[in-house]
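**Student:** okay, predicted coordinates and the sequence, questions at the end:
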Amino acid sequence: MSILDSIVARARKHASHIVLCEGQDPRIQQAAARIVAEGIARISLVGDARAIAECASQGNVNLDNVQIIDPQSSSLIPQFAETLYQLRAAKGMTREQALQAVFDPLCFANLMVHSGLADGSVAGAVHTTANVVRTALQIIGKAPETRTVSSFFLMLFDKPWHPCPGGMIFSDCGLVIDPDEEQLADIALAAAESARHLLGEEPRIAMLSFSTAGSASHPLVDKVINASKRVQQARPDILIDEDLQLDAALRPEITLRKLPASKVQGRANVLVFPDLSAGNIGYKLVEHIGGAVAIGPLLQGLNRPTNDLSRSCSANDIYYVIAVTALQSASNNQPP
């Protein structure tokens, strides 16, 4: 069974409720209909009910088993407006501003998740990443004891020429531009949990750099080394190599030459990039030249699952992000 098939199968067992705020987008509708038809999750579409129905009719999409919520006529508006006011009053929001804001489908969907009326949300087919993340931070908030919200891509290697078939976590490739050593450690710890939940494997982390085991001396290398030490102090059970060049992270024979004492031994399944430039370029190179499948950007560190989409995404991309979100919500709801 492939990793994606495994994610879908595990998500199906939990029947999570995922809310989508871009209900008038044909790709969202197609993905939602497929998710419900296959019993992977329950879906609510938020938006103008008439426009959603017209779009579905034009696209011949069956939304009979998909809940459609129109904020303009929802009885939840007074409750949500008060909730939003309480969340944002310290930042200067008035009750009147809160009442206007909750009619926005993105805000409404996040309030559904915050209030426990949905288990997770997916947006970004229309909204920018900045809007998706900002709204999630304002309404859903960070998970307890989380200092840094970051992103990752689930990278899947399923072509005959891929030397390491299977999946990997690439982080952070979409959110934190220039993490300091504390943030980089947070990213690594969150990515480790993402690997455990989605790949079903124990994480093996490579903290990427242009240096391996101190072969170069530079403040950028020091940042990676110090972040690695923070991870080891917080989670001594996790396998992690400090500053590591990419070839040493993935090729055991190279690791043996460059870092004989490696804990990961050239079999990393989590790549932590030193900054957003490296991460964003790295995942796109692997996707567009290497032929890997990239699912994301997915968010980590929030109190409840909320995931972003690329605005160039396909219905198939959305389908898998919904499945990942459903699985994340199942893990999120497990007792400690």
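**Tutor:** That came through fine.

**Student:** C-alpha from now on. contacts and neighbour counts both.
**Tutor:** Noted.

**Student:** which SSE is the spatially closest residue to residue 29 that is not a sequence neighbour in?
**Tutor:** In space, and not counting its chain neighbours, residue 29 is closest to residue 23: 6.4 Å by C-alpha to C-alpha, 6 or more residues apart in numbering. Assigned by DSSP states H and E, residue 23 belongs to no helix or strand.

**Student:** what about residue 23, distance to residue 294?
**Tutor:** Going from residue 23 to residue 294 by C-alpha to C-alpha, to the nearest Å gives 24 Å.

**Student:** tell me which of those two has more neighbours.
**Tutor:** With neighbours defined as other C-alpha atoms under 10 Å, residue 23 and residue 294 compare such that residue 23 has more, 27 against 22.

**Student:** quick one: contacts for that one?
**Tutor:** By C-alpha atoms under 8 Å, 6 or more residues apart in numbering, the residues touching residue 23 are 29, 45-48, 52.

**Student:** in TSV, list those along with secondary structure.
**Tutor:** Below are the contacts of residue 23 laid out as TSV (DSSP: H, G, I helix; E, B strand; the rest coil):
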residue	secondary structure
29	helix
45	strand
46	strand
47	coil
48	coil
52	helix
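
**Student:** what's the most distant pair in the residues you listed?
**Tutor:** 29 and 48 (13.2 Å; C-alpha to C-alpha).

**Student:** ok, and the closest non-adjacent residue to residue 324?
**Tutor:** In space, residue 324 is closest to residue 7, 6.6 Å off (C-alpha to C-alpha, 6+ apart).

**Student:** from residue 278, how far off is that neighbour?
**Tutor:** 28 Å.

**Student:** who has more neighbours, the two?
**Tutor:** Taking other C-alpha under 10 Å, residue 7 and residue 278 do not tie; residue 7 has more neighbours (23 against 17).

**Student:** surely that one is in contact with residue 327?
**Tutor:** Yes: taking contacts as C-alpha atoms under 8 Å, residue 7 lies within contact range of residue 327: 6.9 Å.

**Student:** related to what we said a few turns ago, host element of the residue nearest to residue 324?
**Tutor:** In the assignment (DSSP H and E), residue 7 maps to helix 3-12.

**Student:** go through that helix and flag the buried ones.
**Tutor:** 3-4, 7-12 (16 or more other C-alpha atoms under 10 Å).

**Student:** with just CA atoms, put it into PDB.
**Tutor:** Provided in PDB are the C-alpha atoms of helix 3-12 (Å, rounded to 0.1, in the frame of the first residue of the first chain):
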ATOM      1  CA  ILE A   3       1.700   6.200   1.700                       C
ATOM      2  CA  LEU A   4      -1.200   8.100   0.200                       C
ATOM      3  CA  ASP A   5      -3.400   5.000   0.200                       C
ATOM      4  CA  SER A   6      -2.400   4.400   3.800                       C
ATOM      5  CA  ILE A   7      -3.300   8.000   4.800                       C
ATOM      6  CA  VAL A   8      -6.600   7.800   3.000                       C
ATOM      7  CA  ALA A   9      -7.400   4.400   4.700                       C
ATOM      8  CA  ARG A  10      -6.400   5.600   8.100                       C
ATOM      9  CA  ALA A  11      -8.400   8.900   7.700                       C
ATOM     10  CA  ARG A  12     -11.500   6.900   6.700                       C
END
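
**Student:** contacts made by it with the rest, please.
**Tutor:** 39-41, 156, 166-167, 198-199, 320, 323-324, 326-327, 330.
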